[in-house]
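Asks: pasting the sequence and the predicted coordinates here, then a few questions.
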Amino acid sequence: MQEPEVVETKSPEAIVPDMNNQTGTITKIQPTVQTQDQWLKYGEVASSFLATLPEYLGSFFNKYRQPLVTIGLIVGAIVAVKVVLAILDALNDIPLVAPTFELIGIGYSAWFIYRYLLKASTRQELTNEIATLKSQVIGKDA
């Protein structure tokens with residue numbers, strides 16, 4: 001059987017002349033003019049994009065201001081809740097702090113019930129205070 005002849009074809013870009021003919025010497029290959037022109041084109045495209053970026057971002061923010069602010073507030077609230085929960089978890093790991101907080105909470109609950117919920121007149125006072133606070137927050141009488 002005959003073995004087929006293999007003929008290697010090399011493109012001009014793939015052929016690298018033996019420039020490093022001595023051990024320990026490195027010769028730099030000079031970039032072609034075409035490569036430099038491509039880099040200049042890429043630089044011009046990037047420069048024009050960066051030049052128009054502030055105008056684009058400004059118009060985008062003006063167009064979608066309300067949804068962006070809403071999303072920002074939601075993300076901020078989630079981060080705040082996570083931070084508060086992490087702080088409370090760290091405080092609960094300290095001995096005697098968790099039982100102290102529980103006693104303070106039980107004491108405040110007992111005082112609130114005694115002060116506002118036992119008598120009809122104090123319940124009416126609490127209702128009036130809540131209505132006043134609600135009108136201050138909302139901005140109109142409900």
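Replies: That came through fine.
Asks: and the helices in this protein?
Replies: 33-63, 65-92, 97-112, 120-138 (DSSP state H).
Asks: confidence score at Gly107?
Replies: pLDDT for Gly107: 97.
Asks: now Val79
Replies: The model's pLDDT for Val79 equals 98.
Asks: what of Gly24?
Replies: At Gly24, pLDDT is 66.
Asks: Ile104: neighbour count?
Replies: 10 (other CB atoms under 10 Å). (Glycine included, C-beta is placed from N, CA and C.)
Asks: oh sorry, the question was meant for Thr70
Replies: For Thr70, using other CB under 10 Å, the count is 10.
Asks: pipe the helices of the chain into TSV and attach distance to Ile26 per row.
Replies: Putting these into TSV (distance: least, CB to CB, whole Å) gives the following:
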stretch	distance to Ile26
helix 33-63	20
helix 65-92	52
helix 97-112	66
helix 120-138	74
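Asks: in this protein, which residue is closest to the centre?
Replies: Centroid-nearest residue in the chain: Val75, 8.6 Å away (criterion: CA atoms, centre = their mean).
Asks: show me this structure divided up by domain.
Replies: Following the TED database, one finds the domains of the chain at 33-93, 95-137.
Asks: where does pLDDT dip in the protein?
Replies: Scanning the chain for pLDDT under 70 picks out the ranges 1-25, 27, 29-33, 141-142.
Asks: try 80 this time
Replies: Scanning the chain for pLDDT under 80 picks out 1-35, 140-142.
Asks: quick check: the residue nearest to the centre of the chain vs Pro95, distance?
Replies: Distance, Val75 to Pro95, using CB to CB, to the nearest Å: 35 Å.
Asks: then Glu129?
Replies: From Glu129 to Pro95 the distance is 38 Å (CB to CB).
Asks: between these two, who's got more neighbours?
Replies: Neighbours were counted for Glu129 and for Pro95 using other CB under 10 Å; Glu129 has more, 11 against 7.
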